[in-house]
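Peer 1: got a predicted structure plus its sequence, pasted below:
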Amino acid sequence: MQEKSVLEMRKIYKSFPGVKALQGVDFTLREGEIHALMGENGAGKSTLIKVLTGVYSKDEGDIHIKGHENAVAIHSPQDAQKIGISTVYQEITLCPNLSVAENMFIGRDGGIMQNWKKMNADADKILESLGIPAKSTQQLASCSLAVQQMVAIARAVDMECKVLILDEPTSSLDEHEVQKLFGLMRDLKKKGVGIIFVTHFLDQVYEVCDRITVLRDGQLVGEYEIKDLPRVKLVAKMLGKEMDDMSDIKSSEKPYEAKEKTQPVFEAEQLVSDAGIKPFDFHIEKGEVNGFTGLLGSGRSECVRAIFGADRVLGGTVKKNGKQIKINKPIDAMRNGIAYLPEDRKVDGIVGDLSVRENIILALQVMKGFFKPFTKAEQYAFADEYIKALSIKTASADTPVKSLSGGNQQKVILARWLLTHPDYLILDEPTRGIDVGTKVDIQKLVLKLASEGMSVTFISSETDEMLRTCSRLIVMRDRRVVGELKEDELTQNKIMSTIAGGESK
């Protein structure tokens with residue numbers, strides 16, 4: 001091992017059926033450093049962490065920890081804990097009904113059967129040494145989320161932790177709480193603890209981290225000192241695009257443009273939901289295809305969920321064709337001509353045990369009311385029309401939708417919404433996990449719908465797709481809108497520099 005390293009992972013491989021999750025990944029953590037582990041969805045970050053903490057067993061590779069002469073074998077989270085690796089997850093895994101001290105010491109030798117006075121005194125000593133504003137005897141539930149997160153860290157650190165993994169620790173915290181957590185991280189850094197910081201927030205990485213490791217598609221892209229990797233280059237490495245190699249790839253098939261200026265079909269002012277996005281303004285014209293773009297976790301999905309009423313709206317005004325409307329829940333949006341294809345089709349989209357026909361008519365039936373069911377003849381007429389129109393490959397309208405391919409399932413959900421004849425269609429990751437041919441079909445369909453006057457918001461992790469389909473992009477970073485790009489500004493370079501915060505080098 002290198003002299004200052006506390007952890008070295010070398011040539012780590014991990015595969016699942018049909019997926020090479022990690023392909024020869026190296027990772028080095030030094031004593032007393034905060035090291036960001038970055039990458040988009042599916043990059044391999046979670047798998048690497050789970051291998052390190054014994055949740056998954058690696059297929060190949062070695063893990064070295066300071067103080068151990070040979071490579072260590074980690075078969076369980078308990079093994080990881082014994083050799084000084086502790087993890088604090090995004091979801092706090094403590095017991096809110098117990099006291100702070102009980103949470104810090106539960107499961108340890110002696111457990112909560114030990115001397116209560118001594119346990120509370122020891123807990124207060126640790127809390128004070130780490131500057132955590134909590135008392136040993138107070139119930140954990142009475143603490144703020146940030147303090148609960150700090151208690152989880154205090155528990156981890158007190159267990160002679162050499163490596164502390166913080167997995168999205170700031171996602172539920174406000175800005176003031178984030179600063180408290182960063183203060184604690186800096187204190188631990190001074191004490192020599194190596195911290196792996198997994199986050200989607202670029203601003204936080206550059207505020208608190210010393211080095212960055214970037215993964216993409218299960219492979220190591222590189223390891224960088226913060227000072228050597230400007231934000232725009234970090235974005236490029238995460239997305240797999242190099243600035244100098246890019247050109248405007250917009251399709252010659254132009255999105256529809258209204259012939260005369262009209263009232264926006266839909267507009268929102270200072271819209272905000274309970275999903276943690278900052279208040280944002282939004283509008284879309286008739287026949288326009290626009291999109292929200294940004295890295296994973298930037299808030300793009302949360303914005304469209306607020307528009308559709310899928311998350312609880314806390315404030316802001318919404319207008320349709322210039323008239324104020326109320327959208328408190330999805331049925332309000334549907335009745336106002338808004339349709340929404342969600343990001344996760346398996347969780348929020350298809351109803352697997354129902355047939356293709358039943359899935360297609362679902363939204364229209366909800367709007368009509370379940371006490372006024374469509375006749376079987378009407379159901380088959382609707383289903384057959386859209387199976388043909390969208391070229392859905394299915395044995396029949398009665399085939400269970402779960403037996404279809406991912407691309408055909410996606411087409412079924414599209415059919416469901418098109419059957420409601422919406423004025424405004426929101427598509428969140430409509431082409432994720434489907435074959436190239438179906439992707440092209442969906443992109444062509446979006447442009448065709450727009451040419452017929454439908455307004456469409458299109459979200460994709462693949463910026464190439466966004467450039468092919470959208471005539472205007474709203475750029476997100478760290479849950480807030482940071483820019484808007486249109487016409488000649490729609491290039492890969494401009495998108496990445498806007499995500500990065502305006503840096504051009």
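Peer 2: Right, received. Where do you want to start? It should be emphasised that the depicted structure is a prediction, and the values quoted were computed from it without experimental measurement.
Peer 1: quick one: secondary structure of the spatially closest residue to Gly297 that is not a sequence neighbour?
Peer 2: Setting aside the residues directly before and after it, Gly297 is nearest to His200 in space (Cβ to Cβ, 6 or more residues apart in numbering), at 2.8 Å. Quick note: C-beta positions are derived from backbone N, CA and C, even for glycine. With DSSP: H, G, I helix; E, B strand; the rest coil as the basis, His200 sits in coil.
Peer 1: check contacts around His200.
Peer 2: Residues counted as contacts of His200 (Cβ atoms under 8 Å, 6 or more residues apart in numbering) are 168, 171, 295-298.
Peer 1: and Met367, how many neighbours does it have?
Peer 2: 12 (other Cβ atoms under 10 Å).
Peer 1: and for Gln179?
Peer 2: Count around Gln179 with other Cβ under 10 Å applied: 14.
Peer 1: now swap in Gly194 and tell me
Peer 2: There are 26 residues near Gly194, going by other Cβ under 10 Å.
Peer 1: tell me the pLDDT of it.
Peer 2: Gly194 is assigned 95 on the pLDDT scale.
Peer 1: and what of the one 5 residues further on?
Peer 2: What the model reports as pLDDT for Thr199 is 86.
Peer 1: Ala363 too?
Peer 2: Per-residue pLDDT puts Ala363 at 90.
Peer 1: residues in contact with it?
Peer 2: 334, 339, 416-417, 419-420.
Peer 1: ok, now how distant is it from Asn321?
Peer 2: Going from Ala363 to Asn321 by Cβ to Cβ, to the nearest Å gives 22 Å.
Peer 1: show me what counts as buried in stretch 5-16.
Peer 2: 5-9, 12-14 (16 or more other Cβ atoms under 10 Å).
Peer 1: pipe those into JSON lines and attach pLDDT and secondary structure per row.
Peer 2: As requested, the buried residues of stretch 5-16 are exported to JSON lines (pLDDT from 0 to 100; DSSP: H, G, I helix; E, B strand; the rest coil):
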{"residue": "Ser5", "pLDDT": "93", "secondary structure": "strand"}
{"residue": "Val6", "pLDDT": "95", "secondary structure": "strand"}
{"residue": "Leu7", "pLDDT": "96", "secondary structure": "strand"}
{"residue": "Glu8", "pLDDT": "96", "secondary structure": "strand"}
{"residue": "Met9", "pLDDT": "96", "secondary structure": "strand"}
{"residue": "Ile12", "pLDDT": "97", "secondary structure": "strand"}
{"residue": "Tyr13", "pLDDT": "96", "secondary structure": "strand"}
{"residue": "Lys14", "pLDDT": "94", "secondary structure": "strand"}
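Peer 1: between those, which is closest to Lys329?
Peer 2: Distances from Lys329 to those, taken as Cβ to Cβ, are shortest for Lys14 (41.4 Å).
Peer 1: now the closest residue in space to the closest one that isn't next to it in sequence: how far from Val205?
Peer 2: With Cβ to Cβ, 6+ apart as the criterion, Lys14 has its nearest non-adjacent residue at 4.2 Å, and that residue is Leu22. Taking Cβ to Cβ as the measure, Leu22 falls 22 Å from Val205.
Peer 1: mind checking which of these two has more residues around it?
Peer 2: Shown here are Leu22 and Val205; by other Cβ under 10 Å, Leu22 has more neighbours (26 against 20).
Peer 1: pairing partners for the helix or strand harbouring that one, with directions?
Peer 2: Element membership for Leu22, per DSSP states H and E: strand 19-30. Sheet partners assigned to strand 19-30 using DSSP bridges are listed as strand 5-16 (antiparallel).
Peer 1: any weak-confidence spans in the chain?
Peer 2: Low-confidence segments of the chain, defined by pLDDT under 70: 1, 41, 90-92, 107-114, 159, 172, 241-261, 345-346, 433-437, 502-505.
Peer 1: how is it carved up into domains?
Peer 2: Following automatic domain parsing, one gets these domains for the chain: 5-229, 268-500.
Peer 1: could those go into a markdown table alongside distance to Lys237?
Peer 2: Converted to a markdown table, the domains of the chain look like this (distance: least, Cβ to Cβ, whole Å):
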| stretch | distance to Lys237 |
| --- | --- |
| domain 5-229 | 5 |
| domain 268-500 | 10 |
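Peer 1: can you tell me which of those is nearest to Thr262?
Peer 2: Short answer: domain 268-500, nearest of the domains of the chain by Cβ to Cβ, at 5.9 Å.
Peer 1: measure that closest one end to end?
Peer 2: Start and end residues of domain 268-500 are separated by 25 Å (Cα to Cα, to the nearest Å).
Peer 1: again, but for stretch 30-38
Peer 2: Taking Cα to Cα, stretch 30-38 runs 17 Å from one end to the other.
Peer 1: mind checking which helix or strand the residue positioned nearest the centre of the chain is in?
Peer 2: For the chain, the residue nearest the mean C-alpha position is Gly297 (3.9 Å; Cα atoms, centre = their mean). Element membership for Gly297 (DSSP H and E) is empty, with no helix or strand holding it.
Peer 1: and Ile474, helix, strand or coil?
Peer 2: The local conformation at Ile474, judged by three-state DSSP, is strand.
Peer 1: quick check: it touching Glu288?
Peer 2: No. Between Ile474 and Glu288 there is no contact under Cβ atoms under 8 Å: 12.0 Å.
Peer 1: re earlier: figure out which of the domains of the chain is closest to Val235.
Peer 2: Nearest to Val235 among the domains of the chain is domain 268-500 (4.6 Å), distances taken as Cβ to Cβ.
Peer 1: what count of nearby residues applies to the closest residue to Ser391 other than its chain neighbours?
Peer 2: Counting by Cβ to Cβ, 6+ apart, Asp441 is the residue found nearest to Ser391 once chain neighbours are left out, at 6.9 Å. Per other Cβ under 10 Å, the neighbour tally for Asp441 reads 19.
Peer 1: let's see which of the contacts of Ala363 end up in helices.
Peer 2: Under the assignment DSSP state H, those contribute 334, 416-417 to helices.
Peer 1: need the three-state assignment for Asp62.
Peer 2: strand.
Peer 1: any chance of the contacts of Ala363 in a markdown table, with neighbour count and distance to Gly349 too?
Peer 2: Shown next, in a markdown table, are the contacts of Ala363 (neighbours: other Cβ atoms under 10 Å; distance: Cβ to Cβ, whole Å):
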| residue | neighbour count | distance to Gly349 |
| --- | --- | --- |
| Met334 | 21 | 15 |
| Ala339 | 25 | 12 |
| Arg416 | 24 | 9 |
| Trp417 | 21 | 10 |
| Leu419 | 20 | 15 |
| Thr420 | 16 | 15 |
